[in-house]
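*Asks:* Turn this into a structure:
(chains A and B)
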Amino acid sequence: MILRPALPALVHLLLLLNLFLLFADQASAAPRLPSAKRECALCHIMWLTDFKRDDVTPLIPYDPRPVVESGKQDVSSTERMCLSCHDGWVLESRDLWKNKQHAHPVGQKPSEHIHIPTVEGKNLFPLNDDGKLYCGTCHTAHGIEWGTTGSPVFMRVRSRDGELCQACHEEKTKGPEAGTHPLNKTPEKRPALLDTSSAKLSNDGKVTCQSCHSAHAAREDKLLVTRNDRSQLCAGCHDDQAAGTLAAASRLHTHPVNIIPTQARVPDSLKQQGARLGPDGAVICETCHKPHGARPTAGLLVADNKQSSLCEGCHQKQRQVAGGKHDMRLVKADSVNAREQTAAEGGACSACHLPHRGKGPKMWARQPGSSRDAMAALCLSCHEEGGLASKHQVGSYSHPVGVDVGRLGRRVELPTYSRAGLKSVNAGTGLVTCASCHDPHQWDPAHPGKSAKPGTNSDANNSFLRKANGPDSELCRTCHKEKWLVQGSEHDLAKVAPDARNALDQTPAQSGLCSSCHLVHNGTGPRMWARALPARASPSAAPCLSCHNPDGVAAKKLVGEHSHPLDVSIADLGIRATLDKWTSKLVGLAGAEPLLPLPLFDLHGQRTEQDGLVGCASCHDAHRWSPDTEADGFSVEGDASNSFLRISEHGNSELCVNCHSDKAVVSLSKHGLKRLVLNKETPPDGGQSQDKATHAVSGVCSNCHQPHNTKGAFLWARNDGPGHSAGEKRCTSCHRDDGHAEDKQTGRYSHPLEIKVAATKPPEHLPLYTAEGKRAKRGGKVDCGSCHDPHQWQPGKRLSRSGQHPDSEGDAASSFLRLPATQGELCGECHRDKRQVLATDHDLSITAPEATNDHAQTAEASGLCGPCHSIHNATSPIRLWARALGDGDNPVEQTCRSCHAENAIAQAKVPPNTLHPDRIKAWSEELRRGLRPAEVTPLPVFNSEGHAALSGVISCASCHDPHQWQADLTQPAPGKNTEGDVSNSFLRLSSTASFLCADCHGLDSIFRYKYFHAEKAHREHQLAR
Amino acid sequence: MRHSSKPTFKTLFILLSLLTSCPGLAGSIPTQAARPLMELVGRAGDPLVMPSDVAVDARYIYVVDGGNHRVVAFNLKGKYQFSIGEQGAAEGQFNNPVGIAASNGKIYVADTGNHRIQIFDQAGNFTSSMTVRDGDRLVQPIDVAVSRNGKELSVTGRNNHKVMVFSHQGNLLRDWGGNGSNRSQFRYPASATLLVDDRLAVVDVLNTRVQIFYPDGRLSLVVGDWGVLPGQFFRPKGVAVDSAGRFYVSDSYLNVIQVFSDTGEFLYVLGDDGKPRSFDTPTGIALDTDDRLYVVEMLKKKVSVFGIPP
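*Replies:* Okay, the predicted model is just below:
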């Protein structure tokens, strides 16, 4: 054979080759060179040709389109293929597998809402072989944009702004007009949700799908990034509208959420339309709103709010506002709210309330009016000048708002509010405001469903009141319970004046009892007065005087022309007053009770909280007849224990003393008149009081004073006595013949009254008076009251009882003097220069302490001036001399000689002659000054009555000033009995060099000196020697 | 020539040679069975979620329970003992941890999301932590291997594609690698495990190989190739070495564990009778001193333990 020899060689070669191949380990073959297909095969594993080989068995079977959980699809985008890198070893996405239940659905066919966009006839987002969604619908490794930030997620379409979602979920992109949450809008501020969840904004900071949803591993159902059962998701951006408490809702002017409704109720019909509630039935954002699939109007509402129907669905009670005066559709249909909606468009509720972004509490839809009280401001947005209800304003005098009902000290069954407009929870606290009495939704409290069209009349039974205010004024009494005591009293106009009409032309039966005097709104004056006010009355008194005037209802009860003053400041009495406490600088009787605070007013008649002026209502409580009982006092003549007084009389004039506490000491003196107060049959004034009807017999003050219908000054309750000045006439009502104090009169010769005190020397501590008896600040005159305080017996010792007994005799240290006269303090207030007599030889307490004057008073009892001068009941009109006059031709001489005479006190000092020859009429220094201005020594001359005159005789007092020891006052008064010399001795000389008489007599004066001075008396004098 | 109907010896020979030139008859896959021993799933009501890696020491089996951001410890009988940490960035907390190593009575966890290695004692008490940086850049550490003397930590970085060796005080001693497909480069280095002779085996995922380095970083051996055939890898994740020096490599997509000789030759796939055992996303694997194989099956949320073939 030809092949035979060649075959073995070929076979060996083949054998060798086979052996080589047989034992070759394919794994240790040289690594394959990199190929482009390798990168594709990273995911497209089934493209590897090794699957197609017959000679090898791959580790996994060939299955390019496996059936997996989401259906049949290409292997490259199965979940396992993605996981093979995204398991944390190449890239971290394990939480997407951890939380698979909240992920975009896969393995489902898209619903009919979804329209997948197509490109050239092919779905841009492909579905798997079963027509279902799978990972590859949104994800692909091809043609993606590889950025440097973040890891690529292989999306088919860039979706930083939610474009991928929106490509299929088109119906969710159309915005609120199509009932879906807006997209591509920039939030007003950075939402907190970005920090608390995986929510994202688009690249330019706008809202996208990913702001609420997360396609994978979302925290909550519906692929939401956070829960929304307590409005948390909505509040993550819309935090200014997610008020979680009533207080926050009031502050943010928005509808509250996350609260359980108590007054309102979410109807089942709304729930069926998709309204959701929080876990405990609380109202949440999603109760009214739906982010997708909402009604096709702005607002993303669950149900339409045409004509406020959504509001009314829950707030059924407030429906009754429709068809009435507060239904803006009837009042002014084209008026607009804060959203520029007319009432006709928005409906009854929306005219005043906007659930979000209101302008005030209660979600106010209009610009609030001007008031510090937030709730009142709501009403005033229409009920003020220029507003829609300017015909129904409350007026300048209206029931106050913003007042704390806590002052009543008890529960009040009407709503009260805080200043910010939040309803108070605890009855008995909070402020009164419009809404306390009014329910703006409900016209008639007795007929809740009834409404009244604009233009119909209103009265106190409707008017949006919470309670009718009928004849028994039930609404007023809800708070002002204690004022109801007025019923049946003399101030109950239904009883006393049933035909009298108030400012609204209503009789008391028509207006109700309270309203016969008080109008809640549009009062005529302070106290919300309901009646015409008198023209020229002080504002605090005007309400009272509207009846208590000669033409008024209470014409029989007038105060008279002279009555207790009004509009005087309580501070003038040294009282510091607050609403709850009065403190006084004045000291009353020891052991007196603390002062009762009484109402005080300002110049407009409004009550003040601190200090203030006295008004009628300071003493009177017009509602309450008697402070101690609940008697109505009808047809009873009042006295000091009732008469609508605030403090009743218990024997000590408690009402007067509450203010005039210093005057209470009068009861310790003989002016207390306790012993003299007669019983009712004989009134103190002997029945001569003009107006018996207002006279009251009570208390120590009333003996002399009465608050109304008095004569004039000092509120005098008695008939005047004789006299000229007002004060004198009052004192002499008792201090006169046949008067109670007829043994204490001033006598024929008494200190003059109605004297003007020179402007240069007005008294510091003594009052001066006008002719009418009022205290004068300037230019006043001396009156009894200048020296006497009739309330206080002893100056400086207020509580002294030494003057209590009517028979007790006073002296210079008591006697109701304002200042003691013991050392001339009293007299010295006016007669300042005369006080120099103190401690001189003419101070008889030093030189003749035992000597008595005409009133049998020693110097101690009579005081400094008293030994020589009698204030009252003087023996002589000359200088009100208090001693028996001595001899002499001229009254001046006679007064000196009452002591400077033989057998008299000053018998050691008796000049032989005291009178210059009376043929000589010397001139007084005033006349002489006209001729010789330079040198004039003081030289008063006296006429025949003993008064200083321009020309007259020279007498003792021409050379001597009996009050002043030394003319130039360089030495103090000696203080003991002293032998004088020419430099003192009561001489009017200004120096020893000049000589009084030398003016006329020249050198001859030396001898004339001897004419007046005996050797015996003036031995020491140089001239005598 | 004689005509005969009987095949001649030469024809037979040709047939035989043709037959033998095919490497394997539709090649059956060489398999060796692994004996299932037990499974670790966590405890009742508190299962593992997306676990990634496992490490064993003389007392405990530690599993990185990535989905729960913690490490769970079981005793050697498979009973739950305790867990370490929770999600967070504070000491002792984790953020998406991936790899773990146990050595010298300590546990080393690659706390990937927090860019650090945290070290605990055997009972799970925090000891120290080391932030991993490559220059200025924070590294996402994927796995860590510790030298036998405990002085050197080898860390694989996911975002810088490097192996970095740190002293136990945290100083960088040396590093190598970088992103690429050449030798000594990586495309996503994953598990790292130390051999008995201190060489380091590192799985290189997208380059579908395991590279073994000397301690100084020189390349010693490359194991594996890309593909779907036995001895090839698609998504290699975990590597472990038994007492005979054989390499075990898990493939989390092909769901197999393949065994190679100490010189890198493919030996067999774990399985029975030519059919590879199909794990479910096997990622991290470990072998203890008794040659028990621990396999983290991520999607099945468990660690399966096997006895390996001798």
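*Asks:* Just give the closest residue to the residue nearest the centre of chain A, not the sequence neighbours.
*Replies:* The centroid of chain A falls nearest to residue A:609 when counting by Cα atoms, centre = their mean (7.4 Å). Nearest residue to residue A:609 in three dimensions, chain neighbours excluded: residue A:579, at 5.1 Å (Cβ to Cβ, 6 or more residues apart in numbering or on different chains). Every C-beta, even on glycine, is put in place using the N, C-alpha and C of the backbone.
*Asks:* Model confidence at the one you found, what's the number?
*Replies:* Residue A:579 carries a pLDDT value of 86.
*Asks:* what's the answer for the one 5 residues further on, then?
*Replies:* Looking at residue A:584, its pLDDT is 85.
*Asks:* try residue A:918
*Replies:* pLDDT, residue A:918: 63.
*Asks:* how about residue A:1001, secondary structure?
*Replies:* At residue A:1001 the chain is in helix, as set by DSSP: H, G, I helix; E, B strand; the rest coil.
*Asks:* where's it relative to residue A:1007, distance?
*Replies:* 9 Å (Cβ to Cβ, to the nearest Å).
*Asks:* More neighbours: which of the two?
*Replies:* With neighbours defined as other Cβ atoms under 10 Å in any protein chain shown, residue A:1001 and residue A:1007 compare such that residue A:1001 has more, 14 against 11.
*Asks:* if we can go back for a sec, residue contacts, the residue nearest to residue A:609?
*Replies:* A:597, A:609-610 (Cβ atoms under 8 Å, 6 or more residues apart in numbering or on different chains).
*Asks:* Let me have the residues you listed in CSV, adding secondary structure as columns.
*Replies:* CSV is the format used below for these (three-state DSSP):
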residue, secondary structure
A:597, coil
A:609, coil
A:610, strand
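*Asks:* Of those, which is the nearest to chain B?
*Replies:* Ranked by distance to chain B (Cβ to the nearest Cβ), the contacts of residue A:579 are led by residue A:609 at 59.6 Å.
*Asks:* could you pull out the strands for chain A?
*Replies:* A:67-68, A:71-72, A:118-119, A:122-123, A:575-577, A:582-584, A:768-769, A:775-776, A:922-923, A:941-942, A:948-949, A:951-952 (DSSP state E).
*Asks:* Please name whichever of the ones you listed is nearest to chain B.
*Replies:* Nearest of the strands of chain A (Cβ to the nearest Cβ): strand A:67-68, 12.4 Å.
*Asks:* check whether that closest one contacts chain B.
*Replies:* No: taking Cβ under 8 Å from any Cβ of the partner chain as the criterion, strand A:67-68 and chain B are apart, separated by no less than 12.4 Å.
*Asks:* quick one: that strand to chain centroid distance?
*Replies:* 81 Å (Cα atoms, centre = their mean, to the nearest Å).
*Asks:* The residue in the stretch 101-250 of chain B that chain A sits nearest to and residue B:183: what is the separation?
*Replies:* Closest to chain A within the stretch 101-250 of chain B is residue B:231: 3.6 Å, counting by Cβ to the nearest Cβ. For residue B:231, the distance to residue B:183 (Cβ to Cβ) stands at 19 Å.
*Asks:* and what of residue A:518?
*Replies:* 106 Å.
*Asks:* out of the two, which sits in the busier spot?
*Replies:* Between residue A:518 and residue B:183, counted using other Cβ under 10 Å, the more crowded position is residue A:518 (23 against 10).
*Asks:* check contacts around the residue nearest to that one when sequence neighbours are not counted.
*Replies:* Distances taken as Cβ to Cβ, 6+ apart put residue A:528 closest to residue A:518, at 4.7 Å, once the chain neighbours are dropped. Residue A:528 sits next to A:397-399, A:518-521 when contact means Cβ under 8 Å, 6+ apart.
*Asks:* Let's see the pLDDT reported for residue A:528.
*Replies:* 91.
*Asks:* now swap in residue B:150 and tell me
*Replies:* The confidence metric pLDDT takes the value 86 at residue B:150.
*Asks:* how close does it sit to residue A:504?
*Replies:* 102 Å.
*Asks:* SS state for the residue nearest the centre of chain B?
*Replies:* By Cα atoms, centre = their mean, chain B has its centre lying nearest to residue B:238, at 1.9 Å. At residue B:238 the chain is in strand, as set by three-state DSSP.
*Asks:* Apart from its neighbours in sequence, what residue is nearest residue A:114?
*Replies:* Here the residue nearest residue A:114, using Cβ to Cβ, 6+ apart, is residue A:168, at 5.0 Å.
*Asks:* do the same with residue B:230
*Replies:* residue B:29 (4.9 Å).
*Asks:* what's the burial count for that neighbour?
*Replies:* 21.
*Asks:* Am I right that it falls within a strand?
*Replies:* No: assigned with three-state DSSP, residue B:29 falls outside any strand and is coil.
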